[in-house]
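> 3D model of this:
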Amino acid sequence: MRRPQLQQLAGLLLMLFAASLLPVLLLSLSDHETRSVAWASFAALTAAAGLALWWPERHGIQRLRARDGFIVVALFWVLLSLLSAVPFYVLLDLTLDEALFEAVSGFTTTGATVLSGLDRMPISILYYRNQLQWLGGIGMIVSAVAILPMIGVGGMQLLRAEASGPMKDDKLTPRIGKTAQHLWGIYAGLTGLCALAYLAAGMSPFDAVCHAMSTLSTGGFSTHDASFAYFHSDAIESIAVIFMLLGSVPFTLHYMALHQRSITPYRKHGETIAFLVVVIVAVALTAALVTGYDHLGGFEAWRAAAFAVVTVITSTGYMDEDFTQWPNVLPTFLFYISCIGGCAGSTAGGIKVIRFVVLARNCALQIERLVHPTLVRPLKHDERILPDKVTDAVWGFFALYVLVFALLMTLGMIGGLDQVSAFGATATTLNNLGPGLGTTSLSFATVAPWLKVLYSFAMLLGRLEFFTLLVLLHPAFWRS
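Okay, the predicted model is just below:
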């Protein structure tokens, strides 16, 4: 990739990030915080650095190639994660590893934290944490793609590298810039609806906005240490469940349903149907197993089960009941379904339902071929024939996921975590979930500093689905 191109895009993204700090600064000023000067200085320095990078190369616009998209996406997720750690390091007096972990957790919509005492924390910091998740949910890169075409930069490669799952060749409009704008508008609109619903259910305006941002982004940051247990409201929990599910469905479907004014796109989308079936089965199983534990029974068991399953499988990570302390196999079961995650093209983490669907159909096809050796039948999904390279990519992803999971869990135990805690920490960071198990169930504050850095990298791997980062380490990538 040409240096002027990289420099120009870096400058643009830094200026966009600086602009996103304006609401944080206004909140700080409205609350008469002493941190207002620090926020203003950080925003000004970021904008100045961006302008300094962009201005000399503002006329040297080149068309991006496909391989350039990987470089830009990987590099700027890393750079913006590092940059967003600065306020945590300066304003909260965290260590470097803690600030990095908190920032990456927010930007990747993981929701794991090293902080406590949220109820006493300045509102500017609380809002900043949730805004990081909101920006990370739709993807800072996708947000930029909606703007870059306006100044003559084609962004198809950026969106292609950012998109998750094997089915990423669909376009909503002939120009990818328009596509990104539609997705951005739907994302913002659903966030607004969620905030209004929370407000009507009894949340304060500040809590409603912050939780709406972390709900649609399936991020899980809260403004209270007790998370959703703070509100003690069935209505608020029901709203959260609805919008977490909406955030875990491909946003292309939301666009098509809105454009067609019909729910047909949802009904005809195999991955979404499979996702909802998994959710319903998991809720029923969890409710059956949790009935009789503590005060849970009847409606309460179903309520707790529905909230726990949805918050886990969508990789949001809100807490109401502490499901990590539930009996039987429930904590482990819930972490297993977090590996499934939501749909491709959504804000959810995990492996993605589409990959499980492809593998299940491929396994069924292989068994059928054992019975009928001469059978010639292509693998299909939603009436489309899947090429062999898609199936190969899915198998490759699974193999890499298992290998990385085993390596991270082993390193966690070397770093002093017990087996349960190491399993939970690995699952929650790779799947961008939030709460862990054992000593990491509520906070990662006690984790060794080098492990926090390692898990920060794991969160980035999970968010970018491994290959976007790891392809840069392959020598062939740089020789092509």
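> Low-confidence regions, this protein specifically.
1-2, 60-67, 69, 140-177, 480 (pLDDT under 70).
> What about Ser233, how many residues nearby?
Neighbours of Ser233 under the rule other C-beta atoms under 10 Å: 16. Glycine gets a C-beta too; all of them are placed from N, C-alpha and C.
> distance of Phe477 from Ala85?
According to C-beta to C-beta, to the nearest Å, Phe477 stands 27 Å off from Ala85.
> now Tyr127
With C-beta to C-beta as the criterion, Tyr127 and Ala85 are 17 Å apart.
> Mind checking which of these two has more residues around it?
Remark: of Tyr127 and Ala85, Ala85 carries more neighbours, 23 against 20, as counted by other C-beta under 10 Å.
> Pretty sure Ala257 sits against His269.
No. Applying C-beta atoms under 8 Å, one finds Ala257 not in contact with His269, separated by 9.9 Å.
> In three-state terms, label Ala406 for me.
The three-state label given to Ala406 by DSSP: H, G, I helix; E, B strand; the rest coil is helix.
> Burial check on it, number of neighbours?
11.
> now do Ala40
By other C-beta under 10 Å, 16 other residues sit near Ala40.
> how about the helix or strand containing Leu454 as CSV, C-alpha atoms only?
Using DSSP states H and E, Leu454 sits within helix 449-463. Provided in CSV are the C-alpha atoms of helix 449-463 (Å, rounded to 0.1, in the frame of the first residue of the first chain):
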residue,chain,number,x,y,z
PRO,A,449,-0.5,-7.3,33.2
TRP,A,450,1.0,-9.4,30.3
LEU,A,451,-2.2,-11.5,30.2
LYS,A,452,-4.3,-8.3,29.9
VAL,A,453,-2.2,-7.3,26.9
LEU,A,454,-2.6,-10.9,25.5
TYR,A,455,-6.3,-10.8,26.0
SER,A,456,-6.5,-7.4,24.4
PHE,A,457,-5.0,-9.0,21.3
ALA,A,458,-7.4,-11.8,21.6
MET,A,459,-10.4,-9.4,21.5
LEU,A,460,-9.0,-7.8,18.4
LEU,A,461,-8.6,-11.3,16.8
GLY,A,462,-12.2,-12.1,17.7
ARG,A,463,-13.6,-8.9,16.4
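> next helix or strand past it?
Later in the chain than helix 449-463, the nearest helix or strand by DSSP H and E is helix 467-470.
> Same question for that next one: list its buried residues.
Phe467, Thr468, Leu469 (16 or more other C-beta atoms under 10 Å).
> Could you measure from Leu407 over to Lys268?
40 Å.
> hang on, I meant Val376
Applying C-beta to C-beta to Val376 and Lys268 gives a distance of 27 Å.
> quick one, which of these two is more surrounded?
Counted by other C-beta under 10 Å, Val376 and Lys268 do not tie: Lys268 has more neighbours, with 13 against 6.
> which ones are touching the residue nearest to the more buried one when sequence neighbours are not counted?
Leaving out its chain neighbours, the residue that sits closest to Lys268 by C-beta to C-beta, 6 or more residues apart in numbering is Asp382, at 7.3 Å. Residues in contact with Asp382 (C-beta atoms under 8 Å, 6 or more residues apart in numbering) are Lys268, His269, Gly270, Glu271.
> List the contacts of the second one.
For His269, the residues meeting the contact criterion (C-beta under 8 Å, 6+ apart) are Pro250, Leu253, Asp382.
> run the last query once more with 10 Å
Counting by C-beta atoms under 10 Å, 6 or more residues apart in numbering, His269 makes contact with Val249, Pro250, Thr252, Leu253, Met256, Ala257, Phe275, Cys343, Asp382.
> What remains of the residues you listed if I keep only buried residues?
Among the contacts of His269, those buried by neighbour count (16+ other C-beta under 10 Å) are Val249, Pro250, Thr252, Leu253, Met256, Ala257, Phe275, Cys343.
> Determine which two of those residues are furthest apart.
Maximum pairwise distance among the buried ones among the contacts of His269 (C-beta to C-beta): 16.6 Å, between Met256 and Phe275.
> sec struct for the closest residue to Leu196 other than its chain neighbours, please.
In this structure, Leu196 finds its nearest non-sequential neighbour in Ala208, 7.6 Å apart by C-beta to C-beta, 6+ apart. Using three-state DSSP as the criterion, the local structure at Ala208 reads helix.
> The protein: strands as residue ranges?
380-381, 384-385 (DSSP state E).
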